[in-house]
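Chemist: okay, predicted coordinates and the sequence, questions at the end:
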Amino acid sequence: MPALSEIEGQLRSELARERAEERFAEIRTKLADSAYAADDLAGPAEELGLEVREAKGITRNGGTAPFDHEGLVRQLFSADVVEDGYNTELIDVGDNVSVVARVREYREAQQLALEEVAADVRASLKAQETRAALSERADEIIAGLEAGKSLSELGAEEWASYEAKPRNDQEAGAAVMRTVFSLSRPAEGETSYGQSVSGSSAAVVALDGVNEGAVDETSEEFGQLEEFLASLEGQREYGAYQQFLRNRAEVERP
């Protein structure tokens with residue numbers, strides 16, 4: 001059995017965490033009961049020493065945290081909360097994070113006048129048409145290449161070649177690399193084609209070979225990974241041993 005001095009710090013941390021979790025569970029239960037019967041959030045917050053925060057612009061699609069939690073948003077837009085003015089139920093939105101919410105002001109969805117959104121609509125339609133045209137042009141080039149036409153015949157002579165690029169390579173761009181690694185492995189002497197359209201640009205991707213991944217067991221990264229895994233396994237075994245000792249220990253208190 002390890003000496004108390006060796007594990008004193010760890011035991012103190014574990015006890016503090018257990019007490020904090022117990023206190024959180026106690027406050028959580030009281031908040032759930034208090035908020036259910038309250039006409040606002042100020043009373044339960046003052047009673048339990050909690051903080052009331054205000055968030056604006058929350059829609060049925062959510063908003064900033066904690067209103068990125070689907071269950072909380074669903075409660076917030078329920079009839080009991082929106083129409084009858086009740087608080088939501090207590091919702092656990094994360095590890096040791098619980099929320100009770102209330103609607104202070106609700107606005108019905110409205111259709112804006114065309115004059116207000118004309119510029120946005122025009123820009124959105126233009127972007128859609130641009131992407132469609134670029135995609136169509138990329139398809140034409142791919143069809144021509146598969147039919148054996150040359151780049152000059154297709155008017156697509158601006159090509160860049162890359163070799164042995166990993167998945168996270170930044171030189172060719174993230175969008176292009178996603179396309180590359182989504183293509184089927186080409187057979188020997190053949191090429192797989194794809195396209196990547198983003199914003200106002202498009203790229204035709206020609207994949208002519210795939211290199212199998214290799215691990216350099218002499219590299220510094222490999223050594224660090226081995227050390228990390230060994231340390232992790234040691235921590236697991238040590239934790240299991242501590243639990244074994246606790247289960248067998250007999251404690252007498254005066």
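Modeler: Yep, it's here. Residues are numbered from 1 along each chain as shown.

Chemist: ok, which stretches of the stretch 1-150 of the chain are helices?
Modeler: 4-37, 42-48, 70-76, 79-82, 114-146 (DSSP state H, counting those that start in this stretch).

Chemist: spatially central residue in this protein, please.
Modeler: Asp68 (11.3 Å; C-alpha atoms, centre = their mean).

Chemist: look up phi and psi at that one.
Modeler: phi -90, psi 10 (degrees, to the nearest 10).

Chemist: quick one, what contacts it?
Modeler: Gly62 (C-beta atoms under 8 Å, 6 or more residues apart in numbering). In this view, the C-beta of every residue, glycine as well, is placed from N, C-alpha and C.

Chemist: with Phe244 instead?
Modeler: Applying C-beta under 8 Å, 6+ apart, no residues qualify as near Phe244.

Chemist: can you mark which positions in the helix or strand it falls within are buried?
Modeler: Element membership of Phe244 [criterion: DSSP states H and E] is helix 220-248. Using 16 or more other C-beta atoms under 10 Å as the test for burial, helix 220-248 gives Gln242.

Chemist: stretch 176-185 too?
Modeler: By 16+ other C-beta under 10 Å, the buried positions in stretch 176-185 come out as Val176, Met177, Thr179, Val180.

Chemist: repeat that for stretch 39-48.
Modeler: So, applying 16+ other C-beta under 10 Å, buried residues of stretch 39-48: Leu41, Pro44, Ala45.

Chemist: now it: average pLDDT?
Modeler: On average, the pLDDT along stretch 39-48 is 90.

Chemist: now that stretch, how far from the centre of its chain.
Modeler: With C-alpha atoms, centre = their mean, to the nearest Å as the basis, stretch 39-48 stands 33 Å off its chain's centre.

Chemist: could you dump it to CSV, C-alpha only?
Modeler: Below are the C-alpha coordinates for stretch 39-48, written out as CSV (Å, rounded to 0.1, in the frame of the first residue of the first chain):
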residue,chain,number,x,y,z
ASP,A,39,-43.2,33.4,-11.3
ASP,A,40,-39.7,34.6,-12.3
LEU,A,41,-36.1,33.6,-12.1
ALA,A,42,-35.0,36.3,-9.7
GLY,A,43,-36.5,34.6,-6.6
PRO,A,44,-34.8,31.2,-7.1
ALA,A,45,-31.5,32.9,-8.0
GLU,A,46,-31.5,35.0,-4.9
GLU,A,47,-32.5,32.1,-2.7
LEU,A,48,-29.7,29.8,-4.0
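
Chemist: what does that stretch rub up against?
Modeler: Under the contact criterion C-beta under 8 Å, 6+ apart, stretch 39-48 has outside partners 27, 30-31, 34-35, 38, 50-52, 85, 87, 100, 102.

Chemist: reformat those residues as a markdown table; add neighbour count.
Modeler: Shown next, in a markdown table, are these (neighbours: other C-beta atoms under 10 Å):
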| residue | neighbour count |
| --- | --- |
| Ile27 | 14 |
| Lys30 | 14 |
| Leu31 | 21 |
| Ser34 | 19 |
| Ala35 | 24 |
| Ala38 | 18 |
| Leu50 | 16 |
| Glu51 | 5 |
| Val52 | 12 |
| Gly85 | 12 |
| Asn87 | 21 |
| Val100 | 22 |
| Arg102 | 18 |
